[in-house]
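Enquirer: here is a sequence together with a model predicted from it:
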Amino acid sequence: MTSVPENMPGTIHTDQAVDAGLRAELARGDMALSTLTPVLTHFLNTQDRSLFSDSIVARVRGMLRSASFRLLRVEAEEIGANDVFAYAEARADALGEELARHAAFLGHCHALAIEWQLADRLRGRDGIDPVLSPLLQSLIASDDAELADAAMGTLAAQARFIEQQKRMEMPLAELPEDQFVNFISTWRRQREDVSEDLATTVEARIRQMRADNEARLSLLDRTMRGLGARADAALSLTHAGAALFLTALAHRAGQDRDIAVVSTNDRQLVRFALSLRAAGLNAAEARAQLRCLHPDATMPASLAHLSTADARALLESSPYGQAE
């Protein structure tokens, strides 16, 4: 049975009782999130596709192998291997399998695959360009030089992201710092034959490459922050596009971005609706964004009576409810 938190945070107003049904639905969503990693791990190693589509599973597997191959290629170059590519190819699957056992890394790859799928769906259904959204186009022409620069960088990074996802690739420069640290640690544990000096050299080379290339998620965050008081404009899927929308939603609702991405799934409707309210959208605006993703979905009536603070407090009561 799904457990429901007994004690709600003190920030929820006593004169604005929260429907117990919302808490139960959020708890059910928590349960679904808690099973994502073990279930996805299972499907990466079997042919059963009852819960995850072939596209998602293949894309996640491709990203794991791509990241592994790229690191091993650097290792091969450092040891002077005769055939750098053959060296990396021979070891990439084993490292990818080890990496798949790391829940946070696997979850990040899964979120990226879902984000690409969402952007592709918006293009097919609503004609929203997955690279150049109406909002991003207007920001590129902004009189604010810093904002225009961030927007231009985001445009280029988003174009690369779409192509990388088509090829099921994971550039090491695009990994968030915590996931990069996880990756390096996994590689060191898996490759016990690698000396400390070699491991340090390989990591230093990759860190330099990362320093020379600002990651897409960093550029999206910089663009969103550059909007300042106009950040509400990014809380429209059809205006901002999936990438900027998800960045703004996570920031404004105090959520981890990967969780914000996963909340767009139809099994996380309450979490998504709560995030919209926590981000500051009123009930009508939240309903519009919910229906943009799920045209047949109905937003729980009790959400209309929640304040922004109450919605955020409900999310924070979840084990998945706060950005790290």
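Expert: Yep, it's here. All values reported here derive from a predicted model rather than from experimental measurement.
Enquirer: where does the most far-flung residue of the chain relative to its centre land in three-state SS?
Expert: Using C-alpha atoms, centre = their mean, the residue of the chain lying farthest from its centre is Asn82. It sits 37.7 Å away. Per DSSP: H, G, I helix; E, B strand; the rest coil, the secondary structure class of Asn82 is coil.
Enquirer: pLDDT at it, what is it?
Expert: Asn82 carries a pLDDT value of 95.
Enquirer: do Phe105 as well
Expert: 91.
Enquirer: against Leu175, how distant is it?
Expert: The gap separating Phe105 from Leu175 is 8 Å, by C-beta to C-beta, to the nearest Å. Yep, even glycine has a C-beta here, placed from its N, CA and C like the rest.
Enquirer: what does Leu244 give?
Expert: Taking C-beta to C-beta, one finds Leu244 at 20 Å from Leu175.
Enquirer: helix/strand/coil for Met168?
Expert: Met168 ends up coil, using three-state DSSP.
Enquirer: before we move on, what about Glu214?
Expert: Glu214 ends up coil, using three-state DSSP.
Enquirer: distance of it from Asn182?
Expert: Counting by C-beta to C-beta - Glu214 and Asn182 are separated by 21 Å.
Enquirer: tell me which residues of the helix or strand hosting Ala309 come out buried.
Expert: Ala309 is part of helix 308-316, with elements assigned from DSSP states H and E. Residues of helix 308-316 classed as buried by neighbour count (16 or more other C-beta atoms under 10 Å): Asp310, Ala311, Arg312, Ala313, Leu314, Leu315, Glu316.
Enquirer: low-confidence ranges, the protein, go.
Expert: Along the chain, the model assigns pLDDT under 70 to residues 1-21, 23-24, 27-52, 321-324.
Enquirer: let's see it at 90
Expert: 1-58, 101-104, 106-107, 125-127, 191-194, 229, 265-270, 293-306, 314-324 (pLDDT under 90).
Enquirer: quick check: closest non-adjacent residue to the residue at minimal distance from the centre of the chain.
Expert: Nearest residue to the geometric centre of the chain (C-alpha atoms, centre = their mean): Asp258, 3.1 Å. Leaving aside its sequence neighbours, Asp258 sits nearest to Ala111 (C-beta to C-beta, 6 or more residues apart in numbering; 3.9 Å).
Enquirer: and the one you found, what does it touch?
Expert: Applying C-beta atoms under 8 Å, 6 or more residues apart in numbering, we find Ala111 in contact with Arg257, Asp258, Ile259, Val261, Val262.
Enquirer: now do the helix or strand hosting it: distance to the chain's middle.
Expert: Using DSSP H and E, Ala111 sits in helix 103-126. The chain centre lies 8 Å from the centre of helix 103-126; the measure is C-alpha atoms, centre = their mean, to the nearest Å.
Enquirer: which element follows it toward the C-terminus?
Expert: Scanning onward from helix 103-126 (DSSP H and E), the first element met is helix 134-140.
Enquirer: what helix or strand is Val194 on?
Expert: Using DSSP H and E, Val194 falls outside every helix and strand.
Enquirer: and stretch 130-138, what's buried?
Expert: Neighbour-count burial for stretch 130-138 [16+ other C-beta under 10 Å]: Pro130, Val131, Leu132, Ser133, Leu135, Leu136.
Enquirer: swap in stretch 80-97?
Expert: Buried, per 16+ other C-beta under 10 Å, within stretch 80-97: Val84, Tyr87, Ala88, Arg91, Ala92, Leu95, Gly96, Glu97.
Enquirer: which of the residues you listed fall in strands?
Expert: Among the buried residues of stretch 80-97, no member falls in strands (DSSP state E).
Enquirer: let me know the closest of these to Arg230.
Expert: Nearest to Arg230, judged by C-beta to C-beta, of the buried residues of stretch 80-97 is Gly96 at 41.7 Å.
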